[in-house]
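# structure here, sequence nowhere to be found:
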Ligand code: NDP
């Protein structure tokens, strides 16, 4: 039987609707409109599109959007000074510094200078630690979105055998931490894992975050498993054009899986929706408001 297709676009719209309701509730109860500041340094075309989309969706859900567009030649100190200003600004509840930063800027130093309670990307070491020890925190957006998609088709994650392929700080590791928090039995696989197909075949829930086009094949999938494909890879398509594919060979894996996310239209749309959700959470953490 063909797999259920997990519609990330529709589920992201549901998340944004919920965020808009949460914003209204915060305005009514605390007179608070959360604000998100996005800092863009340089002219990277993809980054410009992301920042534009983030700003538009921030306004759509009723939040305040602050955009800082700095030139490619901005010094590291000027960026650090801006982050300090935003850290101190009560109108700003979330700060996102768009990556990549120009080569002369130490990205780690800039990200670590963000107030952890305003770190809506969830990359600050304090938030990484809070996630692993189970405290209330800001969790990276892509893993959060992936977990929401998995829960749509697998509401009870307790005891589920989950395999995450990839151990990056922005996807693989926080994904594993989130699934552990849901009481899954988690295996983290990576480039040094022996017999990866056999490891994947044990998974009731398989998350692929590798960056290798269509690496996961049909015979890696346990029949009926839920497959979440985080990968976004641009490959040659028809008529000299390019197309996007995931880390999972979608068509063949959909013949075996119970449910699967497409690329595009799966995890991708969830990331900005979860960024908006994180901005509301950040505002609540700063004001000590319970969920
Ligand atoms: P990284 O390159 O930082 O990490 C890739 C991980 O995959 C590493 O842990 C690496 O292992 C592992 N890996 C590489 N090759 C293999 C292999 N042959 N077998 C097993 N494991 C392997 O990538 P990211 O985590 O940043 O991103 C992963 C994918 O997710 C990319 O396609 C990216 O574009 C996409 N992405 C999508 C987002 C979205 O919004 N949907 C957001 C962020 C990323 P090792 O550590 O041993 O090197």
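Looks like it arrived, so ask away. Predicted model, so just to flag it, every value in this text is computed and none were measured.
# for the ligand, give me its nearest residue in the stretch 1-150 of the chain.
residue 142 (4.1 Å; CB to the nearest ligand atom). C-beta: built from backbone N, CA, C; applies to glycine.
# which residues does that residue contact?
170, 171, 175, 209, 230, 267, 270, 271, 274 (CB atoms under 8 Å, 6 or more residues apart in numbering).
# which of those are buried, as a ChimeraX select command?
Selecting the buried subset of those in ChimeraX, with 16 or more other CB atoms under 10 Å as the burial test, is done by:
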select :170,171,175,209,230,267,270,271,274
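# after the helix or strand encompassing the residue of the stretch 1-150 of the chain closest to the ligand, next one along is what?
Assigned by DSSP states H and E, residue 142 belongs to helix 141-153. Going down the chain from helix 141-153, the next helix or strand is strand 161-165, by DSSP H and E.
# in the helix or strand that that next one is followed by, what counts as buried?
Counting by DSSP H and E, the next helix or strand C-terminal to strand 161-165 is helix 172-181. For helix 172-181, the neighbour count (16+ other CB under 10 Å) marks 172, 173, 174, 175, 176, 177, 178, 179, 180 as buried.
# so which residues make contact with the following helix or strand past helix 172-181?
The C-terminal neighbour of helix 172-181 among helices and strands, as given by DSSP H and E, is strand 185-189. The list of residues contacting strand 185-189 from outside it, by CB under 8 Å, 6+ apart, reads 159-167, 172-173, 176, 179-180, 196, 199-200, 202-203.
# one more: stretch 45-54?
36, 38, 40, 65, 67, 69, 96, 98, 99, 100, 272, 275.
# so which of the residues you listed sit within helices?
272, 275 (DSSP state H).
# ok, and the most crowded of the contacts of stretch 45-54?
residue 36 (29 neighbours; other CB atoms under 10 Å).
# I'd say that one and residue 120 touch.
Yes - with contact defined as CB atoms under 8 Å, residue 36 reaches residue 120; the gap is 6.8 Å.
# contact residues of the stretch 1-150 of the chain facing the ligand?
Proximity of the stretch 1-150 of the chain to the ligand is confined to residue 142 under the rule CB under 6 Å from any ligand atom.
# can you give me the strands in the stretch 1-150 of the chain?
Taking DSSP state E, counting those that start in this stretch as the criterion, the stretch 1-150 of the chain contains strands spanning 4-5, 35-41, 64-70, 94-97.
# before we move on, the earlier item: okay, and the common contacts of residue 36 and residue 120?
94, 95, 96, 275, 279.
# what's the farthest-apart pair in those residues?
Greatest spatial distance among those (CB to CB): 95 and 275, at 11.3 Å.
# could you dump the contacts of residue 142 into CSV with pLDDT and distance to residue 60 added?
Listed next are these as CSV, based on pLDDT from 0 to 100; distance: CB to CB, whole Å:
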residue, pLDDT, distance to residue 60
170, 95, 25
171, 98, 26
175, 98, 27
209, 98, 28
230, 98, 25
267, 98, 20
270, 98, 16
271, 96, 16
274, 98, 15
